Each structure stands twice: as C-alpha cells, then as structure tokens.
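> Below are the sequence and a predicted model; questions follow.
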Amino acid sequence: MNYVELLSVEDCFLIEGRGVVVIPDFSVPDGWRDRTDTVTVTKPDGQQYEATAQFSMSHYRLLDPKASIDKRWRVVTLLLNRKTEDLPVGSKIFVSQQVRDAILPNSVA
C-alpha cells in the first residue's frame, strides 16, 4: 500500500494502559467516523515501524468560555500500546491516502 504523510509529531503524551496521544490534532471533518488503521512511523533518525492508530473525535474541556467548537472537539491520534519514547519530536506518521482524505478532506496531496 502507498502511504502518505499525515503529520509531523510536535509533542505527545502517554495515557497509561492505552498508548500515546500525538500532537497535533485535527478539526473534525463533516461526516467524521472514528477509525483504527495501521500507520508507519518514521523517527528523525530514520528508523521506521508500523503501529496501530486510533483516530477518534475527542472533547477538550477548555477554560475559555468563548473557545470555538472547533477547539473543543478535535480528531486525535492515539498510537496503541506505545510509549512516548517511541515518538520523538519530528517523527512523521504516514497513513493510507484514504485515511488522510478522511482526516484532511480539503487538503491538496
């Protein structure tokens, strides 16, 4: 399968017993449905590995009452059963074109 770049890791954090949430997150596209897919991670040193990723809509409880809906509801990427050491800043996550189109429907490849 031909993979395309979805994101470059800016930061991440561990959810104990689940995996690693990747930053950045994304606006929720119209008609969004949560999904689980295989991704390829390329670390800055060139090492690569495959991982299972959940792409799901999540709600952020923001203190700013004027924060937009777009900031409150986001599509987040969770790499299952991984640790933060597996995702150094600058790592790239590659997905199928179908997954990228679902998450970023208005982007140009």
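Here it is on my side, so go on.
> Excluding covalently adjacent residues, which one is nearest to the residue nearest the centre of the chain?
For the chain, Thr77 is the residue whose C-alpha lies nearest the centre (Cα atoms, centre = their mean; 2.8 Å). Spatially, and ignoring its direct neighbours in sequence, Thr77 is nearest to Val22 (4.3 Å; Cβ to Cβ, 6 or more residues apart in numbering). (Each C-beta comes from the backbone N, C-alpha and C, glycine too.)
> What pairs with the longest strand seen in the chain, parallel or antiparallel?
For the chain, the strand with the greatest residue count under DSSP state E is strand 48-59. Strand 48-59 sits in its sheet next to strand 35-42 (antiparallel), strand 73-80 (antiparallel), going by DSSP bridges.
> what would those strands look like in CSV with distance to Lys66 and mean pLDDT?
Compiled in CSV, these are given as follows (distance: least, Cβ to Cβ, whole Å; pLDDT from 0 to 100):
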stretch, distance to Lys66, mean pLDDT
strand 35-42, 31, 97
strand 73-80, 15, 92
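> Kindly compare burial across those strands and name the winner.
strand 73-80 (a mean of 18; mean count of other Cβ atoms under 10 Å).
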